Every structure is written in structure tokens, then in C-alpha cells.
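**Q** take a look and give me a structure for this.
(2 chains)
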2 protein chains.
Amino acid sequence: MKVSRRTVLTTATGAVAFGRAIRGQAPASPLAGDPSKKPGRPSRALGQRSPFEKPQRIPRGASGAWTPHQDLMGTITPADLHFERHHAGVPDIDPKTYSLLIHGMVERPTVLTLADLKRFPAVSRVCFLECSGNLDRTAGPETTPQRLAGQTSQSEWTGVPLATLFREVGVRPGATWFLAEGEDAALLTRSIPTAKAYDDALIAYGQNGEAIRPEQGYPARLLLPGWEGNTNVKWLRRLELSDRPFMTREETSKYTDPLADGTSRIFSFVMDARSLITYPTYPVTISRGWLEISGIAWSGSGKITRVDVSTDEGQTWTPARLQEPVLPKAHTRFRHLWNWRGDEAVILSRAVDETGYVQPTRAQLLALRGPASTTYHNNPIAGWRVRSDGTVVYREEAWG
Amino acid sequence: MKVSRRTVLTTATGAVAFGRAIRGQAPASPLAGDPSKKPGRPSRALGQRSPFEKPQRIPRGASGAWTPHQDLMGTITPADLHFERHHAGVPDIDPKTYSLLIHGMVERPTVLTLADLKRFPAVSRVCFLECSGNLDRTAGPETTPQRLAGQTSQSEWTGVPLATLFREVGVRPGATWFLAEGEDAALLTRSIPTAKAYDDALIAYGQNGEAIRPEQGYPARLLLPGWEGNTNVKWLRRLELSDRPFMTREETSKYTDPLADGTSRIFSFVMDARSLITYPTYPVTISRGWLEISGIAWSGSGKITRVDVSTDEGQTWTPARLQEPVLPKAHTRFRHLWNWRGDEAVILSRAVDETGYVQPTRAQLLALRGPASTTYHNNPIAGWRVRSDGTVVYREEAWG
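**A** Take a look at the predicted model:
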């Protein structure tokens, strides 16, 4: 639209009187507190949350902290609410003295500083990161999504593809595995197939637009999209190429899954498809009428293709809406409109990924895994019980 | 891979000795400070930045604060670094007493509380938000991207489509415009065509996964993807439907653009395509060899289709890599590898969007707009001068 300036000025009318609503009820707002009647706060170097919003992680000493999924929406996890998990606390590392050694079966053993890493071509990608032990099996009715499964979070990560560094140092053809070692007091070490490096692994130094946070591996970590959290070694200081896995303590005594048939599964890297309702869940109370059941679904194998929602404890299922764009190996927000009429109900969600994998029930999972191994890679369908008074609690299930 | 548990245990070998690098130099790291030799910090309810990272906005009293683009990577702006702009400071609004009135040419004038808004089907989308006055025309050589153009930022926004609310209140067929009014002391009001509501407008209450921040309109704002920032009315308290624009003070005395031909352009809503190099820029010093020129490009008209980079002040141009997925009306990260040999150089970037629009030079912009109007909608190609000592400064350009 194009008008002369004169025309604009002569047709100006200014603000319109505040009308009175016919439908709905404006909450009490005493004039003394009317924000439009007094100047607001000046700006600050860093923005802050509203004093009315207090999302917090559940901190667990020197072992971790859980993401408050019930307070979140969309798909990005704010960096200060990203879950953390470690075996000996969070180290403080000086980026000026940080270095990453790449050696072993390589033509040119190399030490890279953080500045060196940042000179290589970078990529960014949004993906989830989930601890392989992300289920509280002791959960009672008063369990939030945070307590049940707060060890998955999502960021936009930025870093250099590990494949680029492997070309730079000249990885030898026979090198099929590499060791990744962290600089924390636990010296976390894991063996990773080099195939993953050539697929989509990154050395990440950026998280949600800024430098990676200390709890997530500052100044640089290994990022293996879709693979269990502990393999995404934080505070990464060393990569050693080899023709076999290193069989470190972490991958023998710890991250191994006994199966129902008496054997054990090791190197169970991929996090299987899962979904988690985040609303309505404990501790909210809902009222009758239309509301939106909402949650996140993700798969370490690729894209989520469907999330089914049930409001009758699994008798019938309806596909939820998936928020576009659906990205591979990423938390995908799902939403499902529901008219709650005041009856008791159990709501469930079930994720399906592009490989056709369907999120199992607890019973299916136990049949596969056996009662002895229930610590890692548990991704059962979770239920939330809506009582007739509108309160919502977690539907407990016995394990083993 | 599947092995029996016994096999796993007998092949375990534990950690491998730390090798010595042949190439590259490990920075000095006194053993006393070795993070692997002492337990790390326990976790906290909220994660914090590394003490070595201090990105900050430039606060400008009760008018705004600029995003530090030179410190950022990827595409998401952390919420506490999102730019803010307002005419009377930031109000603190109690979400329990917040309400939004929709009235005027509607069948059912309605007041909606925040809880009401959250019952409607929600959507999330990543998009940029840019102030129409996002250019420091007085910029001298020692200008950062933040100071030059720190009034654009990007978030994942969550909210209810305005189209849904318009159906709910029964907007009358003849209602072609609506007024949006904020609850801040400036009572910012803008007239918006209803067509935008039916296209992609949201009433947003979520930002980067959490509740929207006070500086960005807590508890709810109008979000008009791709349109100039001030139309995205924050602290939104009222929408009035009408058959004509309201010609408020903000859209006559302020957000109107005089043109070179003597007429003025009002309702210049769409932010045209633009790009901004964020590295290397003042105040960094680069060293010779390969490095990556990186920046963001965006367009209020849709997707960015190409960003050209020049390292010879516009004599030759090369398309940069665009980070996938490229989203419409969104900051798109571009990257271009450059082998700097130590010669003086001027680097430029030029955005092209899906409508074919090409980011103009300052001279092209001035020819269109005339010397009288250079405050709003200035999106010229910006240059950065690399001196032979590796220091980088902004390439000054005279205005008007």
C-alpha cells in the first residue's frame, strides 16, 4: 500500500477505547498493578525468566539433573534445562588449554586446539540426546514426566563432522573402531565404530546457538545422533583409532544388557523409538471440555512417522498431529485434541519410527529383556490416569 | 552385536595409555589444574554458562538490547540473548490476571485468559523476528555485527494460530483489519490485515521450549512471521476487528517510510531478504590459511534460496553452503570456506530469497528510498575489511 504522507496524517485516529467483553471473564486486575500505567523495566545485558515461571531440573549431586518436560513446549530444550549425566561431576575446562588428541591407527597423529576445531567447516543439526538409563522404574502415582524420563533433551548442536577430522589425520583402512575419552575425573571411555563417524558424528562445540554448556561437555564433546547418551563422550580429550573395540569398564561392567535368553547385548548404541506425554500429567488438574494432549516422540533410528494416542487405556488409538518439520533422530512434538467429559481415563502414547519399529508395552519389553536386565534401554509406553476430579497421576507398573 | 556376558567380561581390558602427539601442539595444561584429577562440580537446578563464555546483549535503557551475533553459531538465539525493543520498558505481567480481549466486528466478543489460550490446538515454528530499524547507520570501523544489526533474533515459538481464535469469536466477513494493542506503558498499537491472521499469525506464549520471556512479551504476544518487529505486539491485551486500518500514532508518525519520489510507504510489513556475516568480523583477528566465513541470512517473504559470498569486495561471488533444513522466514546459517593468504580483502554476503529478491547494495537502497528516509527497512549488503595483519573491521559506508 502506498499513500502520500499527507493522506496518512489526516486519516490518523489514534487509540480506541477499551471495550467490555460480553463473553468470558476478565480476571481481576487492580489498577494499582496495571502494567500500562507505569514505565517498565529497562533492558539488561541478559534477559531473565518471568518471576512467575520457575522451571527447574531435578539435581542429583555429582551424577546428573533431569529436564522438566512438564514445563516445556515445542521441541527445543533451553540449555540451562538440558539434562546432565556424569560419573564424577562437571569439570571446568579452560578453552585456551583444551586440546583433542587423535592417534592410534592414523597416518598423522594430531593434537587439535579448540581454535583448530573451529577452522574446519561446521554443520548444525537439531537432535535429541538421551541417557540409556532414562526410566524411573520405581515411579509411583505422584511422578512427573521429569522424574519418569527427564534424561532426554534436545538442542541445535554445532560442530565439525568427525569424518572431516578422520580425513585430516588419515585414518587407516583397517581402523574399524575408535576410543573416545573424556577429561572428567571419571575418564569416561567408550568404543565407537568408525562407521558412525563417517555417518553423522560431530565434535560439537555449540549448543542452541552459543558455546556448549559445561554440563554438556564444554568446550567440546562427541555427538553421536540417536545413540545412547554415554557414548556421546563429553569434555572430549582423546580419540584413538583401532581395529577392534577397547572393551572398557563402561562397556563391560556397565552399559551391557542381559537378555531373557541368558545372553547379553553389548554395544547397544541406538536409542529405540519412544514417546512421552508431557500434558496432561501429574501434577496438573484438568477441567472438562476440549484440551490438547501433548508430548514428545523420538527415535535413534531416524524420523518419527506416527504417534498414536489412546484415551481408553489402549482399546482404541488415534494418530496424533506431528509438528513439522519432522527431523531425523529428533524430539518431535505431537498433539491430540481431546474432549474430556469428566470420566476416569488412562491416556497413552505410542511412537512409530521410519523403520517400522513400534514402541513396546512394558510386558513386551520384559518378554524380550527378561527380569534381570531392566536398567538400560527401557522405552515402554507410559500411561497417565485422569481421575474423575480432574487430577492426573502416573499409571504405576510393576517391573520384574 | 550379541555375546554372552561371560565373553564380555573376559575380554575387558580397561583404559589405554595416553599417547604423545606427533603433529600439533598440546597447549600447556599444568597438572594442578588437570580436570581429570579431581571430582567435578555437583549438578544444579539450572545449568550455567562456562565462566570463560560471556555473551551479552548491548542494553539500551528502556528502549532495547541487541543480540551478540558475533558470539553465536547455528540458528537458534538463546532466549536471554534475544534482542528486545520497546517504547516504555518491559512490564511485569501476572499470568493469573492476564487476559486478551477480542472484539469489534466479531459475532462473539470474548475475553481469553492464558489458560484459555493454552486449551486451543497449538503449533510451534522456528522463525526470525527483526526490528524494522535494524541498522546502525553511524557504524564506524570498530563495529561488531551486534552493534550493526543486533535487532534480529530467532526462536522456536509456540502458540495458538490466530485463525483459530478468529473462528472461535466469529469474525465478520467485512472485517479486513484488526488492531493489536499491548499492555505496556507505551500501549503500542498496530493495524494488521486479517489476511495475515488467516495465513500464519500466532498468539505465542512459548519461546525455545519454555514460557516466553518478559522482554519478548510474556505471557503472550502477537507473532507475525516475517513482518517487522513492532507489528508483533508484545504483552498483547486486545484485538479489535474492523473494516479499515486504525491509523494509530505508531503507523503514521513512526513506522512510515518516505520514498525518493516524494510519496510515503505505510504498512511496509514484510522484512526483505538480508544477510549478515558473523565471522570473521570485528573484533576478531584471523591467521592465514583455511577458515570458514559464516553468517545468517533471512527473508520475511519465505525461504532463503542462495547466499553469495565475495572475498574481493564484490568482483566475484560464490554461493555459500546453506545449513539444512532451510525454513521459511527463518535465519538460515550460511558457510563458505576461504583460504586467506594474508592479503587485504573485503568480504561481503548477499542473500536471495524464493521470490527472486536480491539483497541490495547501499547505493541501490538509497536510490529507491531517497536520502530523507533511512531509518526503517534498511537491508544493505554489509562489508568487512580484513587487513593484512589479520584484524577485521566494518567497512564504513556513508548514508544520505
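
**Q** quick one: A:T252 from chain B, how far?
**A** Using CB to the nearest CB, to the nearest Å, one gets 4 Å for the distance from A:T252 to chain B. In this view, the C-beta of every residue, glycine as well, is placed from N, C-alpha and C.

**Q** three-state assignment of that residue?
**A** Reduced to three states with DSSP: H, G, I helix; E, B strand; the rest coil, the structure at A:T252 is helix.

**Q** for the residue nearest to A:N379 when sequence neighbours are not counted, list each beta-bridge partner.
**A** Beyond its immediate neighbours in the sequence, the residue positioned closest to A:N379 (CB to CB, 6 or more residues apart in numbering or on different chains) is A:R274, lying 3.9 Å away. Under DSSP bridges, the beta-bridge partners of A:R274 are A:W298.

**Q** identify the residues contacting A:R274.
**A** Under the criterion of CB atoms under 8 Å, 6 or more residues apart in numbering or on different chains, the contact partners of A:R274 comprise A:A149, A:A297, A:W298, A:S299, A:A351, A:Q359, A:N379.

**Q** which ones are touching A:A351?
**A** Taking CB under 8 Å, 6+ apart as the test, what A:A351 contacts is A:A273, A:R274, A:S275, A:A297, A:W298, A:S299, A:I304, A:R306, A:V307, A:V358, A:Q359.

**Q** and A:T248, what pLDDT?
**A** At A:T248, the pLDDT value in this model is 89.

**Q** check A:S29 too.
**A** At A:S29, the predicted lDDT confidence score is 53.

**Q** circling back: closest one to A:Q56 out of the contacts of A:A351, please.
**A** The nearest member of the contacts of A:A351 to A:Q56, counting by CB to CB, is A:W298 at 22.7 Å.

**Q** how is chain A partitioned into domains?
**A** Taking automatic domain parsing as the domain assignment, the ranges for chain A are A:60-264, A:274-394.

**Q** please identify the deepest-packed of the ones you listed.
**A** Ranked by mean neighbour count under mean count of other CB atoms under 10 Å in any protein chain shown, those are led by domain A:60-264, which reaches a mean of 22.

**Q** for B:S388, find the nearest of the domains of chain A.
**A** Judging the domains of chain A by CB to CB, what sits closest to B:S388 is domain A:60-264, at 19.3 Å.

**Q** measure the closest one end to end?
**A** Using CA to CA, to the nearest Å, the end-to-end distance of domain A:60-264 comes out at 29 Å.

**Q** middle-most residue in chain A, spatially?
**A** In chain A, the centroid-proximal residue (CA atoms, centre = their mean) is A:S153; its distance is 1.7 Å.

**Q** where's it relative to A:R213, distance?
**A** Summarising the geometry, the distance separating A:S153 from A:R213, computed by CB to CB, to the nearest Å, is 11 Å.

**Q** what sits in contact with each of these two?
**A** Overlap between the neighbourhoods of A:S153 and A:R213 consists of A:H82, taking contacts as CB under 8 Å, 6+ apart.

**Q** ok but the residue nearest to the centre of chain A is inside a strand, no?
**A** Yes: the secondary structure assignment for A:S153 places it in a strand, going by three-state DSSP.

**Q** that one and A:F128 touch, don't they?
**A** Yes: with contact defined as CB atoms under 8 Å, A:S153 and A:F128 form a contacting pair (6.9 Å).

**Q** the helix or strand where A:L291 lies packs against which elements?
**A** Using DSSP states H and E, the secondary-structure element containing A:L291 is strand A:289-298. For strand A:289-298, the packing partners by 3 or more CB pairs under 8 Å, 6 or more residues apart in numbering or on different chains; DSSP states H and E come out as strand A:152-161, strand A:274-279, strand A:304-310, strand A:332-340, strand A:345-353, helix B:114-119.

**Q** nearest to B:V90, of these?
**A** With CB to CB as the criterion, B:V90 lies closest to helix B:114-119 of the helices and strands packed on strand A:289-298, at 17.8 Å.

**Q** hang on, the earlier thing: report the two of the contacts of A:A351 separated the most.
**A** Pairwise distances across the contacts of A:A351 peak at 14.2 Å for A:W298 and A:V358 (criterion: CB to CB).

**Q** so which of the contacts of A:R274 comes closest to B:L366?
**A** Minimum separation from B:L366 among the contacts of A:R274 (CB to CB) is found for A:W298, which lies at 49.9 Å.

**Q** just give the nearest non-adjacent residue to A:R306, would you?
**A** Looking at A:R306 with CB to CB, 6+ apart, the closest residue is A:V352, at 4.3 Å.

**Q** partners of the one you found in the sheet?
**A** On the basis of DSSP bridges, A:V352 is bridged to A:R306, A:V358.

**Q** and it, what does it touch?
**A** Residues near A:V352 by CB under 8 Å, 6+ apart: A:A273, A:I304, A:T305, A:R306, A:V307, A:D308, A:V358, A:Q359.

**Q** residue contacts, A:V386?
**A** Remark: with contacts taken as CB under 8 Å, 6+ apart, A:V386 is in contact with A:P280, A:I286, A:W340, A:E344, A:A345, A:V346, A:I347, A:V392.

**Q** surely A:G104 touches A:E240?
**A** Yes: if you go by CB under 8 Å, A:G104 and A:E240 touch, sitting 3.9 Å apart.

**Q** quick one: the one helix or strand A:E240 maps to to chain centroid distance?
**A** With the criterion set as DSSP H and E, the secondary-structure element containing A:E240 is strand A:236-242. In terms of CA atoms, centre = their mean, to the nearest Å, the centre of strand A:236-242 is set 26 Å apart from its chain centre.

**Q** skipping its backbone neighbours, what lies nearest A:V233 in space?
**A** Sequence neighbours aside, A:A180 is the residue nearest to A:V233 in space, at 4.0 Å (criterion: CB to CB, 6+ apart).

**Q** try A:V160
**A** The shortest distance from A:V160 to any residue other than its chain neighbours is 4.2 Å, reached at A:F120 (CB to CB, 6+ apart).

**Q** what's near enough to touch the one you found?
**A** With contact set as CB under 8 Å, 6+ apart, A:F120 has these partners: A:V160, A:T164, A:L165, A:E168, B:E292.

**Q** want to throw those residues into a markdown table with distance to A:R60?
**A** Compiled in a markdown table, those are given as follows (distance: CB to CB, whole Å):
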| residue | distance to A:R60 |
| --- | --- |
| A:V160 | 32 |
| A:T164 | 36 |
| A:L165 | 33 |
| A:E168 | 38 |
| B:E292 | 39 |
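
**Q** what's the first helix or strand after the helix or strand of chain A with the lowest mean pLDDT?
**A** The helix or strand of chain A with the lowest confidence, counting by mean pLDDT, DSSP states H and E, is helix A:5-10 at a mean of 28. Toward the C-terminus, helix A:5-10 is succeeded by strand A:58-60 as the next helix or strand (DSSP H and E).

**Q** identify the residues contacting that next one?
**A** With CB under 8 Å, 6+ apart as the contact definition, strand A:58-60 has outside contacts at A:A65, A:W66, A:P68, A:Q146, A:R147, A:G150, B:P42, B:S43, B:R44, B:A45.

**Q** apply 6 Å and report the result again.
**A** Strand A:58-60 has contacts (CB atoms under 6 Å, 6 or more residues apart in numbering or on different chains) with A:A65, A:W66, B:S43, B:R44, B:A45.

**Q** host element of the first one?
**A** Under the criterion of DSSP H and E, A:A65 resides in strand A:64-66.

**Q** who does the helix or strand following that strand pair with, and is each partner parallel or antiparallel?
**A** Per DSSP H and E, strand A:64-66 leads on to strand A:84-85 as the next helix or strand towards the C-terminus. Each strand that pairs with strand A:84-85, with its direction, by DSSP bridges: strand A:64-66 (antiparallel).

**Q** what residues does the partner strand touch?
**A** Where contact means CB under 6 Å, 6+ apart, the residues beyond strand A:64-66 that reach it are A:R57, A:I58, A:P59, A:F83, A:E84, A:R85, A:Q146, A:G150, B:S43.

**Q** run the last query once more with 10 Å
**A** Strand A:64-66 has contacts (CB atoms under 10 Å, 6 or more residues apart in numbering or on different chains) with A:56-60, A:81-87, A:90, A:131, A:133-134, A:136, A:144-153, A:215, A:229, B:42-47.
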